[in-house]
Every structure is written in structure tokens, then in C-alpha cells.
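1. could you look at this predicted model? Sequence included:
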Amino acid sequence: MFINFFFNLKARGVPVSLHEWITLHHALALNLNDCSLTNFYHMARSILVKNEIFYDRYDIAFLDTFGGIETTDEMLEEILAGLKKVKELKLTEEEKRQIEQLNLDEVLRNFEEQLKQGHYKNHVGGNKAIGTGGRSTQGAWGYNPAGIRIGQGESRHRRAVQIAEKRTFRNYSSDVTLDTRQMRVALSHLRSLLPMGQGEKLDLKQTIDRTCKNAGEIELVWETKEKKSAKVMLLMDVGGSMTPFSELVERLFSAAAGQISRFKHYYFHNCFYQDLWTDMERNQSVSTMEVIKSEDSDYKVIIVGDAEMAPSELTWVNGAIDYWYHNDTPGIVWMQRFKEKFKDTIWLNPLPKRTWDYVHSIRMIRDVFPMFELTLDGLDEGVKYLMTGKCELYNR
Amino acid sequence: MNYFKGTDDYVLSKELRDNVNVSIALGRPLIVKGEPGTGKTLLAHSIAKGLGKKFIVWNIKSTTKAQEGLYVYDTVQRLNDARFGDNDVSDIKRYIKLGKLGEAFASDEQVVLLIDEIDKADIEFPNDLLNELDEMSFYIPETKETIKAKTRPIVIITSNSEKELPDPFLRRCIFHYIEFPTQELMEEIVHVHFPDIEKKLLREALKKFYWIREFDMLRKKPSTSELIDWLQALIISGISAKDIEKEIPFLGTLLKKKEDIDIVEKSGKSHYAYNTSMRTRDVY
């Protein structure tokens, strides 16, 4: 049933509304798809799907619904082509009636016989064997309502299904790792939920003042309201096991720097202790205690790291991975302090979620910070959590 | 019945053309999204030209308000006129100035309206236009007038996806995502701009161009408009196809960021250029 397509889309997580579904029926009623499944594929997509990240899921739903479909796609074209082929064959009314009288069983029996005799070679015209343009009951484009259609070369009607099968938009799907543009969109939520308060406001007092000075000629004075934006702090794990992800993290960084006006960033290796580095080479540092004390608690903190380390790095005094570094306080305590000060903190992990349970240190850190995958979905969820305090996975 | 067939100076895919016609037939706005430089804005120009309609552009800025598109009531002018008694101030109609959307509605003939870069505006902007775009009419309380479109204008909306658009707004639109042109389509597009470009040069340039686009690490991938600029530079300086094979001249016209240029130049010199794992995100 056609409605299954709707439910299939829903099941794949494509947000389709009834409104759009009805629009599609309007379009079908106007025959805007020209009786073609390929056109239908594109038309339905343009009406039902409003974001390219869902194109891949649309493809899957389309395959599911129409995968095995037998249609007469481009029927008109085919009939016209067929008509061209039979134009030599002119039958009298009586002959046509005779042909119509043949029943299907007979036709099938005849076909099997012909097949056995090996008649089905290239054959044009004629009354008995298989071929094109003839009056026989077998073959393509012939005149016989009870005929069997065989071997017309590559069938064209499956084109739409093939397009869907290709799944060209897999890369746009939201659960693959991100590129900068996608990250920017995800991070823009950090901004969008705040009152932007831009635009102009009439400064009434100044206006009256100036107008008086101008001897009554009206002069308007506008004041610009200040833009409010999110304060974001980004803490990034560099070095060691994070090296393969450094490109990805760098993209996140450049997206964030472009998107957020008040933006602070620090670096650490595996776990942070009393110092936070301000450069990637870890030469310059600030005191973590200083950051916790001096910064406003309404900062949204995003920590990026794979959280993969020896448990001792979290729990031991002097447990830091760098031999030259001594910490009096275990890393996990620093993390808890951070969490106490900055309530809105999330941890983004580039490792796939299914691996998290196998790493002890990840489990420990997840007890402190809500952890999200560094994918578009994860980033979306994480930002939602930062802004509203709740999301599907965590509830503060 | 309007049927858009495309124009000579704008090459578009069949799907996009069909979607334009679906949007015209259903009388719903068409949202066009895609990488920068894929010709979103030019599409609207081409539709207006192809159908022979009047063309109205509404460029959206970050400060644009929905109301401005409908009409502006120039109270200051009225106040000034009242002060000096220059004009008849009792006629409010004189001080109502229709915006771009209002203009499109008030027009006697069907027009093509382009709302360019709608994602630049405030997040609430599209929501403020919901009813107006649905009904294609709005009410001016000052003059107790209703401006209603005689024929629904053909509305094309472009978005660079800087912000996501609200769902209720999207529900009322037809959506098309312009994919990056394939090499064949790109050859056609280039031919529109440079009708007598040397075949070998074009083939070689496109090969390099798509090679560069394969780099996943790029901050900003070169787009069609950058390719056109690059080809222009190549033609003017008379560089032959052979030279492009060896190195990429005028890389700066294709890539606008220092980091991107470094990546391409580095990989061009070493054997990594042929190691796809260096160039794609599969490495993760």
C-alpha cells in the first residue's frame, strides 16, 4: 500500500508531516511526476524531505517500499516506441478478434513448444515464432493481448530504485563524522537559542534633546542594543591517542571560533590537572584553579577527548602520563571541581559509542560528565543539553 | 500553464528543473540549498528570464525584519510633513511603502520573487512570514487595506544553511538540494561561460579541479564560481594543458585559505597524492 511509504519514512526517522504527505497527493493528482517512478522519486523527495541529511534515510525507505516494484515506468515512451515497431503490421478487425480469442493457457503451451524447438532467435514479423512486430503470441511489441513479453533488453523502469540503491547522500547523513560546515550548523544552536536582541531602538531622550536643539526639526537618535551571545569554553585533548582525530578536532575548533564571539580554548593531554595549556605545543599554561575561580559559571564548556587512558591517570597523585609532570591532586578530582563550577559541561568523544563500555577510564569520566559522540547527531544532542539542561540521554 | 524549460545561459539538472515546475504548479515556494557557488541565486534569474516574468529580488541581511518585506509606514516623513505642512498628511496611504514581498503581491502580473539567503536573518524571520506566504496576502491596519496577490508569485528562496530553518516553514515549501555538478554537467556549464575553450585544457583543468575537491581536509572546497575564475585566468595567461598536468598554476584563485593551499601543495609534491587514505576521512 502506498501509505506504507509514509510510515516507512517515519520509521527511518525522516520527519514527515501529514501536511507534506497531502501536498504530495496534490502533486500526484496533477500528475506532476509524469507517470514515472524516477520523477516520482525526485518529486516526493523535494516535497517530503527538507534537509539533505535525511536524503540517505529517504533512499532506504524508498528502497524498502518500492524496491521490488514492477511498474510501467515511462509507459508512454514505451508504448510509443512499441507502436513504431508494429506499424508494418496491419490487421483486419476479424483477425484481431481471432487473436483475442486465444486463451492464456494455450498461449503458454504454445510458448513452451516454441522454446523447445529453439525458435526464439532474432525474428521479425511472422505468425508463429517469437520475435518483434509479429502476430505471434510471444515476443515483444507484437499485437496480441494475451501475449508473453520476453527479453526486451535492459528494463528501464527500475531506474528510480537504482538511484536510491546508490545512496549517494550517505555522506550527508547525520551519523557520520562531520565536516566544518555541518559543525558550524550544529554549533549555531549555541547561539540561536539565546535572545539575539539585535537591531535598533529609538533613544527617546536623546531624540527630544536633539529636536529641541534643532529648533523643532525632528531628528531621530537610534541606539543599538548589545548582542548577547553564548560564552563557550573548549578544552581539547591533544597528543597521544588523539593524534588520528586532530584534523577532526581542528575542524571543530575552527567552526567554533567562527561561530561564537566569546570563545576560550585550552589544551590538555589525556586528563587535565592543575594547569591548562593555552597552546597546542603545551608551552604556555594557566592555572586550572584560576580558571575555575575567575571565569563566570555560565560558560558552556565543551571538552573534546577520547578519554582513553590508564585509570591511574585519573585516580593517582602524580598519575599524569607525562613523566615530568607532577600533580598533587588526582585528575578525577579536578574534573569534579570543574563540573561543580561549570554546570553546563559536556564531553565529546570521537570514538564510536559502541566502544565506550570497554574502556574503564571512559566509564569513569562518563560518571562525571555527560558524554556525546563527536558526530552531527551527538553534537546536536550535546548542544541541546548545554542549552536546555536536558536531552534524550541525560537529564539534569 | 507555466512550464520552465531552462535557459541557454544556465545549465541545470533535470531533477532541479522538475522541482521548479512542481513548485510552480503547486504554488509553493521552492527552497534551494547547496554549497556556495552552485548557482542558487542564478536559478531565480534564469526562471524569470525563461518564463518572461518580472523579477523581484529581496536580499536578506542579518538585520532584515519580516515586516520590511511587506510594507513600511514612514511615520517620520509624515511627522515632518505635518510640521511644515508640505503635503496632505491625512492621507496615510502616501506614507505606506510596500516592501519587496508587498510589491510582488500587488503586481498585476505574475512575478518571480527571489528571497536571497534567508538563513542570514534572525531565526524567527521565516516564521513571521508563514501566513503571508501561505495565503499570499497581508493586511495593513493603518489603511485598513488587504494586499492580496492576484496570481501567486513564483517564490524562490535560497539558503546557505548557516542556520536551520524552522519546521513549520519548511513544511510549506518544496525543497531542493543542489548537488555538486558531475564532471559532465560541469563541462556543459563551463561551455556556457567559455564557448570556445580548448577541449584538452578543459579536460585537464577539470581533472585537477575534481582532484582538489576530493581532499576532505579542506576548509573551503572550491566551487563552480572559483573554477570559472580559474579557467579565466588560465585562458588569459595562455597556459597550455601540458602545464596544468605538471603543476597547478594560480592555486590562489581556487583556494582562499592559506591552510588549504598548504595541504594541496604538500600532497602534490609527495607520493601521498596518490594515497587516497591521506585525502579522505576514511582514515578515522
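-> Looks like it came in fine.

2. number of residues surrounding the residue of the stretch 51-200 of chain A found nearest chain B?
-> Of all residues in the stretch 51-200 of chain A, A:Glu52 sits closest to chain B, at 4.2 Å by C-beta to the nearest C-beta. For the C-beta atoms, the positions are set from N, CA and C on the backbone; glycine is no exception. Neighbours of A:Glu52 under the rule other C-beta atoms under 10 Å in any protein chain shown: 22.

3. touching, it and B:Val32? I think so.
-> No - assessed by C-beta atoms under 8 Å, A:Glu52 is found out of contact with B:Val32, at 11.6 Å.

4. ok, now how distant is the residue of the stretch 51-200 of chain A closest to chain B from A:Ser46?
-> Applying C-beta to C-beta, to the nearest Å, the value for A:Glu52 to A:Ser46 is 11 Å.

5. contacting residues for B:Pro153?
-> B:56, B:104-105, B:107, B:110-113, B:136 (C-beta atoms under 8 Å, 6 or more residues apart in numbering or on different chains).

6. next one: phi and psi at it?
-> Torsion angles at B:Pro153 (phi, psi; degrees, to the nearest 10) stand at phi -70, psi 150.

7. next: the one 3 residues further on.
-> Its backbone dihedrals place B:Ile156 at phi -120, psi 130, with angles given as degrees, to the nearest 10.

8. number of residues surrounding it?
-> B:Ile156: 25 neighbours (other C-beta under 10 Å).

9. got phi/psi on the nearest residue to the residue of the stretch 51-200 of chain A closest to chain B once chain neighbours are set aside?
-> Distances taken as C-beta to C-beta, 6 or more residues apart in numbering or on different chains place B:Tyr177 nearest to A:Glu52, at 4.2 Å, with adjacent residues excluded. Per-residue torsions, B:Tyr177: phi -100, psi 120 (degrees, to the nearest 10).

10. correct me, but B:Tyr177 touches A:Asp56?
-> No - with contact defined as C-beta under 8 Å, B:Tyr177 does not reach A:Asp56; the gap is 11.9 Å.

11. let me see the domain layout of chain B.
-> With domains defined by automatic domain parsing, chain B comprises B:14-178, B:183-283.

12. and the ones you listed, which one is worst for confidence?
-> Across those, domain B:183-283 has the smallest mean pLDDT, namely a mean of 76.

13. follow-up on the earlier one: so which of the domains of chain B is the most surrounded?
-> domain B:14-178 (a mean of 18; mean count of other C-beta atoms under 10 Å in any protein chain shown).

14. so what would you say the end-to-end distance of that domain is?
-> Terminal residues of domain B:14-178 are spaced 11 Å apart (C-alpha to C-alpha, to the nearest Å).

15. same thing with stretch B:209-224?
-> For stretch B:209-224, the first-to-last residue distance is 10 Å (C-alpha to C-alpha).

16. can you give me the offset of it from its chain's centre?
-> 20 Å (C-alpha atoms, centre = their mean, to the nearest Å).

17. what do you get for stretch B:144-161?
-> 17 Å.

18. B:Thr151 contacts B:Val112, doesn't it?
-> No - contact criterion C-beta under 8 Å: B:Thr151 and B:Val112 do not qualify, at 11.5 Å.

19. buried residues, stretch A:3-23. List them.
-> For stretch A:3-23, the neighbour count (16 or more other C-beta atoms under 10 Å in any protein chain shown) marks A:5-6, A:8-9, A:12, A:14, A:16, A:20-21, A:23 as buried.

20. which of those sits closest to B:Asn127?
-> A:Glu20 (17.4 Å; C-beta to C-beta).

21. against chain B, how distant is the closest one?
-> 6 Å (C-beta to the nearest C-beta, to the nearest Å).

22. contact partners for that residue?
-> A:47-48, B:171.

23. just B:Glu124 next, same as before
-> Residues in contact with B:Glu124 (C-beta under 8 Å, 6+ apart): none are found.

24. please apply the same query to the one 10 residues further on.
-> Contacts for B:Asp134 (C-beta under 8 Å, 6+ apart) come out as B:Arg172.

25. related to what we said a few turns ago, any idea which of the buried residues of stretch A:3-23 is closest to chain B?
-> Checking the buried residues of stretch A:3-23 against chain B by C-beta to the nearest C-beta gives A:Glu20 as the nearest, at 5.8 Å.

26. which residue comes closest to the closest one once chain neighbours are left out?
-> Closest residue in space to A:Glu20, ignoring its immediate chain neighbours: A:Leu48 at 5.2 Å, by C-beta to C-beta, 6+ apart.

27. surely the one you found and A:Leu24 touch.
-> Yes - if you go by C-beta under 8 Å, A:Leu48 and A:Leu24 touch, sitting 6.3 Å apart.

28. tell me the residues of the stretch 1-150 of chain A that contact chain B?
-> The stretch 1-150 of chain A comes close to chain B at residues A:15, A:17, A:19-20, A:23, A:26-27, A:30, A:32, A:39, A:42-43, A:46-47, A:49-52, A:55, as judged by C-beta under 8 Å from any C-beta of the partner chain.

29. in helices, which of the residues you listed fall?
-> The helices, defined by DSSP state H, take in A:19-20, A:23, A:26-27, A:39, A:42-43, A:46-47, A:55 from the residues of the stretch 1-150 of chain A next to chain B.

30. and A:Phe263, backbone torsions?
-> phi -140, psi 120.

31. now it. Nearest residue, chain neighbours left out?
-> With C-beta to C-beta, 6+ apart as the criterion, A:Phe263 has its nearest non-adjacent residue at 5.3 Å, and that residue is A:Val232.

32. pull the most distant pair out of the buried residues of stretch A:3-23.
-> A:Arg12 and A:Thr23 (19.5 Å).

33. any idea how far B:Leu201 is from B:Glu247?
-> Applying C-beta to C-beta to B:Leu201 and B:Glu247 gives a distance of 15 Å.

34. same question, A:Phe338
-> From A:Phe338 to B:Glu247 the distance is 50 Å (C-beta to C-beta).
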